[in-house]
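>>> Whatever this is, show me its structure:
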Amino acid sequence: MTSISYIQQQRITRLCVRCGLLLMQYGAESAVVVDLSKRLGIALGMNSVECSLNFNALTLTTICDERCITTTRDTINQSINVNLLVQIQQIVNKTEASINDDKLTELTTRAFDELDKAVYPPWLVSVFVGASCAAFAYLNGGSWSITAVTFIAGMVAMLTRIYLSKHHFNPFITVIVTAFIASLIGATTYYFDIGNNADIAVASSVLLLVPSFPLINSFSDILKGYVNIGIGRAVFTYMLTLSACVGIVIALVLLRIQHWGF
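Okay, here's the model as predicted:
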């Protein structure tokens with residue numbers, strides 16, 4: 001194996017931390033972030049790679065020929081994109097299987113540059129989210145009119161959430177506004193006496209705000225020994241849930257509905 005220069009080690013370090021940041025931003029659990037970052041560095045010729053995670057930052061150290069380079073990067077939460085996580089894992093697997101040569105770092109960097117970050121159109125996502133909320137309402141005994149109102153409420157709420165997220169609003173404010181709009185539309189079933197059970201429409205309209213994926217990740221992190229980031233993710237999840245409750249309560253108070261759920 002040819003000797004790796006300091007400049008080359010810097011490039012490999014930046015590539016490893018880029019891999020870890022993308023994984024954190026798009027919803028990977030901590031064990032996957034650390035594992036893939038280490039495997040990538042070792043595949044590119046490092047003797048060892050150490051990785052430390054915080055809720056909003058990543059610290060990574062590469063060691064080569066008793067020479068250490070450490071870097072820290074801030075991370076910004078993005079929407080969950082499992083397709084991107086799979087692509088990154090494939091890149092790491094391909095790098096490990098490649099013959100060690102001088103162009104391996106360049107080829108891996110190019111692969112990261114060409115990652116497909118395409119997502120479904122907002123209108124399509126909103127339609128399917130509305131359909132899932134409507135299906136839940138129907139399965140819980142809602143009439144067809146209740147199901148239709150729930151579909152509209154879920155779809156409009158998801159469009160609102162996508163719009164606010166795209167313009168970088170605070171995530172808690174985004175959830176409050178989204179829950180408010182969903183509850184407001186769902187609660188029209190009370191005022192216009194639509195369907196057989198208006199409570200079902202209100203409850204089903206806000207299902208899109210249930211933070212199931214982050215909650216599962218937080219429990220997984222804690223169980224696998226990443227307690228700090230696991231607790232951070234859990235608190236963030238609970239705050240999202242509290243924000244959704246605030247939005248629902250504001251809508252019900254504004255409409256003077258006091259008997260919801262009873």
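>>> Share the number of residues neighbouring residue 48, please.
By other Cβ atoms under 10 Å, 12 other residues sit near residue 48. Just so you know, the C-beta spots here come from the backbone N, C-alpha and C atoms, and that holds for glycine as well.
>>> Kindly state the beta-bridge partners for it.
With DSSP bridges applied, residue 48 shows beta-bridge pairing to residue 63.
>>> Please verify my assumption that residue 165 contacts residue 174.
Yes. Under the criterion of Cβ atoms under 8 Å, residue 165 lies in contact with residue 174, with a separation of 5.9 Å.
>>> Quick one: list the elements packing against the lowest-mean-pLDDT helix or strand in the chain.
Using mean pLDDT, DSSP states H and E, the weakest-scoring helix or strand in the chain turns out to be helix 188-191, at a mean of 83. In terms of contacts (3 or more Cβ pairs under 8 Å, 6 or more residues apart in numbering; DSSP states H and E), helix 188-191 is packed against helix 144-166, helix 198-205.
>>> then it to PDB, C-alphas only?
This file holds the C-alpha atoms of helix 188-191, laid out as PDB (Å, rounded to 0.1, in the frame of the first residue of the first chain):
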ATOM      1  CA  THR A 188     -66.100  21.400  10.500                       C
ATOM      2  CA  THR A 189     -67.900  18.100  10.900                       C
ATOM      3  CA  TYR A 190     -69.100  19.400  14.300                       C
ATOM      4  CA  TYR A 191     -70.500  22.700  12.900                       C
END
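>>> Not counting its neighbours along the chain, what's nearest residue 245?
Distances taken as Cβ to Cβ, 6 or more residues apart in numbering put residue 179 closest to residue 245, at 7.6 Å, once the chain neighbours are dropped.
>>> Pull the residues that contact the least confident helix or strand of the chain.
Outside of helix 188-191, the residues that reach it under the criterion Cβ atoms under 8 Å, 6 or more residues apart in numbering are 145-146, 149, 194-195, 198, 201-202, 255, 257.
>>> what's the distance between that helix and the middle of its chain?
Helix 188-191 has its average C-alpha position 33 Å from the chain's average C-alpha position, going by Cα atoms, centre = their mean, to the nearest Å.
>>> buried stuff in that helix?
Along helix 188-191, these residues count as buried under the neighbour rule (16 or more other Cβ atoms under 10 Å): 188-190.
>>> So which residues of the stretch 101-250 of the chain form helices?
104-113, 122-139, 144-166, 171-186, 188-191, 198-205, 212-223, 227-254 (DSSP state H, counting those that start in this stretch).
>>> Domains of the chain: list them as residue ranges, please.
According to the TED database, the chain comprises the domains 6-114, 122-255.
>>> residues touching the most centrally placed residue in the chain, list them.
Averaging the C-alpha coordinates of the chain gives a centre point, and the residue nearest to it by Cα atoms, centre = their mean is residue 80 (3.3 Å). When the contact criterion is Cβ under 8 Å, 6+ apart, the partners of residue 80 are 26-27, 213.
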